[in-house]
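In: This is a predicted model, with the sequence first.
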Amino acid sequence: MILAVLDDLLFTSKIRSAATGLGVAVSFARSREAALAAVRDRPPALVILDLDNPRTDPVGIVTALKAEPATRDIPTLCYVSHVQAARIEEARAAGADEVLARSAFTQRLPDLLTRGR
């Protein structure tokens with residue numbers, strides 16, 4: 001199972017559609033609290049975070065996951081607009097395992113989702 005933390009209907013639809021076509025289970029969280037509760041309840045194979053959405057506090061989620069021994073090894077994949085260099089560095093400093101530009105994320109989505117099998 002994959003957990004996607006975002007509040008963007010377009011990317012939610014893209015991820016849901018690709019996951020359905022691949023037979024990959026994806027759940028969605030729209031807040032930091034919901035994401036951390038979901039991870040603690042049922043650790044996913046991958047957490048996907050939209051760095052362009054400050055409402056979900058994606059960097060805070062990465063920081064929290066990497067600080068807890070029970071969740072620190074869960075892979076985190078973040079995507080962001082390629083012009084957000086400071087946000088990219090912030091996510092990497094927090095411990096994000098991979099940070100991709102939105103375009104690369106969209107292009108590689110099927111391969112990325114198969115990690116959650």
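Out: Sure, I can see it.

In: so what's the residue nearest the centre of the chain bridging to?
Out: For the chain, I48 is the residue whose C-alpha lies nearest the centre (CA atoms, centre = their mean; 1.3 Å). Under the criterion DSSP bridges, I48 forms beta bridges with A4, L77.

In: What residues does it make contact with?
Out: 2-6, 15, 77-79, 112 (CB atoms under 8 Å, 6 or more residues apart in numbering). In short, each C-beta sits where N, CA and C put it, glycine included.

In: try H82
Out: 101-103.

In: quick one: L113 and A104, what's the gap?
Out: Look at L113 and A104: by CB to CB, to the nearest Å, they are 14 Å apart.

In: between the two, which one's more packed in?
Out: L113 (23 against 13; other CB atoms under 10 Å).

In: Phi and psi next, for the more buried one.
Out: phi -70, psi -30 (degrees, to the nearest 10).

In: Just give the number of residues close to the nearest residue to it once chain neighbours are set aside.
Out: Excluding the flanking residues, the one nearest L113 by CB to CB, 6 or more residues apart in numbering is V24, at 4.8 Å. When neighbours are counted by other CB under 10 Å, V24 registers 20.

In: I'd assumed L3 was in contact with V24.
Out: No - assessed by CB atoms under 8 Å, V24 is found out of contact with L3, at 11.8 Å.

In: next structured bit after the helix ranked longest in the chain?
Out: Longest helix in the chain by number of residues, with DSSP state H as the criterion: helix 9-22. The helix or strand immediately downstream of helix 9-22 is strand 26-29, counting by DSSP states H and E.

In: Which other helices and strands does that following strand contact?
Out: strand 2-5, helix 9-22, helix 32-41 (3 or more CB pairs under 8 Å, 6 or more residues apart in numbering; DSSP states H and E).

In: residues making contact with the shortest one?
Out: Right, the one you point to is strand 2-5. 12, 15, 19, 24-30, 35, 38-39, 44-50, 56, 58, 61, 113, 115-116.
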